[in-house]
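Novice: Kindly generate the corresponding structure for this input.
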Amino acid sequence: MSSSLDKLKALTSKLEEKLEQKKEKRDEPEKVKSEPSVPAAVVEVKPKPLTVKKAESESVRQENIDRVRALYDKLKIYEKSPDFENIFIYKAMNLSGIGLKEEDFGQVREGKYIQVIAITYEPDKNGKKKAKNISLGYFGKAETLEPTLKNEIIEFVLRWRYEKAFQNVEHYKDLIEKIETPSDTLF
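Specialist: Numbering: from 1, shown residues only. Next up, the predicted model:
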């Protein structure tokens with residue numbers, strides 16, 4: 001197993017641990033401290049925000065983007081998509097020739113060609129949106145693929161998806177901020 005895939009697994013594990021610690025802290029009842037002269041019923045307890053620390057989240061995100069950029073260069077994705085920022089306009093990204101599902105993760109499919117596939121939606125002649133696959137990288141037959149290169153290809157796709165998830169969360173956060181929330185809601 002390549003060190004880059006191990007690093008990705010370690011990063012994911014570390015993030016999950018931190019999120020679990022945050023959840024445990026939120027679930028703990030908040031202790032009410034009152035001064036002797038103030039009755040306990042009058043003391044106001046403000047709820048803790050339900051968000052993960054922004055700086056911590058941004059740090060993880062920046063590390064991920066930096067690694068995506070390094071793999072973008074190493075795998076020569078720039079040959080098909082010259083502007084790094086534009087690789088995030090695609091709706092999805094997939095891999096042909098290598099399994100990404102739990103049951104076949106990392107397994108090459110004999111006789112298949114390895115490609116990184118970006119998916120976009122474009123209108124057809126009737127104006128209906130239709131999925132279009134775009135090859136961002138071609139790496140030859142599965143049988144000839146070196147294990148290190150295979151792991152870097154997998155890592156690139158997974159890290160791209162990870163950044164896309166951050167972008168989707170950001171989008172919904174922006175939408176929530178646009179609505180007027182009554183003072184008695186949770187957030």
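Novice: From here on, just use CA atoms for contacts and neighbour counts.
Specialist: Noted.
Novice: Name the SS class of the closest residue to Lys150 other than its chain neighbours, please.
Specialist: Nearest residue to Lys150 in three dimensions, chain neighbours excluded: Gly106, at 7.9 Å (Cα to Cα, 6 or more residues apart in numbering). Taken by DSSP: H, G, I helix; E, B strand; the rest coil, the conformation at Gly106 corresponds to coil.
Novice: Surely Gly106 is in contact with Gly97?
Specialist: No. Shown here, Gly106 and Gly97 do not form a contact pair, counting by Cα atoms under 8 Å, at 9.6 Å.
Novice: Check the contact lists of the two and give me the overlap.
Specialist: With contacts defined as Cα atoms under 8 Å, 6 or more residues apart in numbering, no residue is adjacent to both Gly106 and Gly97.
Novice: by contact count, what packs against the biggest strand by length in the chain?
Specialist: In the chain, assigned by DSSP state E, the strand with the most residues is strand 129-141. Contacts defined by 3 or more Cα pairs under 8 Å, 6 or more residues apart in numbering; DSSP states H and E place strand 129-141 against strand 113-123.
Novice: got the angle for the strand it packs on vs strand 129-141?
Specialist: Orientation check (axes from the mean of the first three to the mean of the last three Cα atoms, to 10 degrees): strand 113-123 against strand 129-141 gives 170 degrees.
Novice: Name the SS class of Ile87, please.
Specialist: Three-state assignment for Ile87 (three-state DSSP): helix.
Novice: How about Lys125?
Specialist: At Lys125 the chain is in coil, as set by three-state DSSP.
Novice: List the residues that contact it.
Specialist: By Cα under 8 Å, 6+ apart, the contact set of Lys125 is empty.
Novice: distance of it from Tyr162?
Specialist: Relative to Tyr162, Lys125 is positioned 33 Å away (Cα to Cα, to the nearest Å).
Novice: re the thing from before, right, and the helix or strand after the longest strand of the chain?
Specialist: For strand 129-141, the succeeding helix or strand toward the C-terminus, using DSSP states H and E, is helix 147-178.
Novice: Got the confidence number for the spatially most central residue of the chain?
Specialist: Geometric centre of the chain, nearest residue: Tyr162, 1.5 Å, by Cα atoms, centre = their mean. Listed pLDDT for Tyr162 reads 92.
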